[in-house]
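Asker: Build me a structure from this.
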Amino acid sequence: MSRRCAICGRGPATGHNVSHSNRKTLRRWLVNLQTVHVQHGGTARRLRVCTRCLRSGKVVRAV
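Answerer: Next up is the predicted model:
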């Protein structure tokens, strides 16, 4: 299962850990994904959605 939002497509970002001596090692920032029951096309489905989409109202939760 990919770490990608089902609505906006956001995925992991990459960058560096930087120590005090300025050595750099690769790291990843993961998206805050939540598994939610979503009303999608008239049916309820479970999707992995980022919290940015949840807060902005791009997703309608199934009751």
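Asker: ok, which stretches of the chain are strands?
Answerer: 13-18, 24-29, 33-40, 43-50 (DSSP state E).
Asker: out of those, which comes closest to Cys5?
Answerer: strand 43-50 (4.0 Å; C-beta to C-beta). Where C-beta positions appear, they are placed from N, C-alpha and C, glycine not excepted.
Asker: circling back: nearest to Ala6, of the strands of the chain?
Answerer: Judging the strands of the chain by C-beta to C-beta, what sits closest to Ala6 is strand 43-50, at 4.2 Å.
Asker: Just the mean pLDDT for the closest one, thanks.
Answerer: Averaging pLDDT along strand 43-50 yields 95.
Asker: who does that strand pair up with?
Answerer: strand 33-40 (antiparallel) (DSSP bridges).
Asker: related to what we said a few turns ago, can you tell me which of the strands of the chain comes nearest to Met1?
Answerer: strand 43-50 (7.3 Å).
Asker: sorry, back to before: rebuild the strands of the chain as TSV, extending it with distance to Arg4 and mean neighbour count.
Answerer: Compiled in TSV, the strands of the chain are given as follows (distance: least, C-beta to C-beta, whole Å; neighbours: other C-beta atoms under 10 Å):
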stretch	distance to Arg4	mean neighbour count
strand 13-18	12	10
strand 24-29	13	10
strand 33-40	8	15
strand 43-50	8	15
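Asker: Distance to Val60 added to those, as TSV?
Answerer: Listed next are the strands of the chain as TSV, based on distance: least, C-beta to C-beta, whole Å:
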stretch	distance to Val60
strand 13-18	27
strand 24-29	28
strand 33-40	5
strand 43-50	10
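Asker: For this protein, which residues score under the pLDDT cut-off?
Answerer: Nowhere does the chain drop to pLDDT under 70.
Asker: The residue lying farthest from the centre of it and Thr43, how far apart?
Answerer: In the chain, Ser21 marks the outermost C-alpha relative to the chain mean, sitting 32.2 Å out by C-alpha atoms, centre = their mean. Ser21 is 55 Å from Thr43, where distance means C-beta to C-beta, to the nearest Å.
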